[in-house]
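Asks: need the 3D shape of this:
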Amino acid sequence: MSRDPQGYRPVGENRIREVVGLGLDDLIDLVGQVVEHRPARTVTETEHVQVLALTGNEAPVHSDIEFCRRTGRDQVLVCGLLTMNIVLGLTVRSTSGLTAANLALDEVRFEHPVHVGDTLRAQSEILTARRSQSRPEHGVVTCRIKGFNQDDQRVFSCTRAFLVPADASALRDATAY
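Replies: Next comes the predicted model:
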């Protein structure tokens, strides 16, 4: 009898599906644990420039190398919104892939400069997980998220609250996830 590998579930004869996200019961069991998310991700010039264009951010600290050199920097800084989105995005697959809604981002901190070419990784400490009082088909989860660069310097942190399904299996069955 074969066993399905961790992170997969059977969906038919000789067929397994990758598990994305966790449900309330899984996250309740993880309260107090730190989840190290993989893979890490390297910030590219293309995404840096695209974020500046999409947001209309014209700050020279992000786009003008001569300005940066004249103000003591040898390279432009990656926009904080890109840093935040990369770090938060790294957490989604393993914890909040089944999220119904984001509820809050609190205590947002940009703690160390990020540059094009830096490789970021993330971790989530599961702080609380409980059934929602107003939407009992969901649970409310709160995590402390931290992002680090390749030198283990913390570049970003925040507290994030989001809704997950109380019954992850039912949602997976209904949506083919």
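
Asks: for the rest of this, base every contact and every neighbour count on C-alpha atoms.
Replies: OK.

Asks: how many neighbours does residue 89 have?
Replies: Using other Cα atoms under 10 Å, residue 89 has 15 other residues around it.

Asks: what sits up against stretch 20-37?
Replies: Under the criterion Cα atoms under 8 Å, 6 or more residues apart in numbering, residues 90-99, 121-131, 138-141, 164-168, 177 lie in contact with stretch 20-37.

Asks: so which of those belong to helices?
Replies: 90-91, 168 (DSSP state H).

Asks: dump those to JSON lines, plus distance to residue 23 and pLDDT.
Replies: What follows is the ones in helices among the contacts of stretch 20-37, written out as JSON lines (distance: Cα to Cα, whole Å; pLDDT from 0 to 100):
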{"residue": "90", "distance to residue 23": "18", "pLDDT": "97"}
{"residue": "91", "distance to residue 23": "14", "pLDDT": "97"}
{"residue": "168", "distance to residue 23": "5", "pLDDT": "93"}
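
Asks: of these, closest to residue 61?
Replies: For the ones in helices among the contacts of stretch 20-37, the minimum distance to residue 61 (Cα to Cα) is 25.4 Å, reached by residue 90.

Asks: which residues does residue 124 form beta bridges with?
Replies: Taking DSSP bridges as the rule, residue 124 bridges to residue 35, residue 145.

Asks: separation between it and residue 113?
Replies: Residue 124 sits 21 Å away from residue 113 when distances are taken as Cα to Cα, to the nearest Å.

Asks: who's more crowded, these two?
Replies: Per other Cα under 10 Å, whichever of residue 124 and residue 113 has more neighbours is residue 124, with 25 against 17.

Asks: residue boundaries of the strands in this protein?
Replies: 8-12, 15-18, 34-42, 101-110, 119-131, 138-148, 154-165 (DSSP state E).

Asks: and residue 165, what are its bridge partners?
Replies: residue 138.

Asks: touching, it and residue 139? I think so.
Replies: Yes. Counting by Cα atoms under 8 Å, residue 165 does reach residue 139; the two are 6.0 Å apart.
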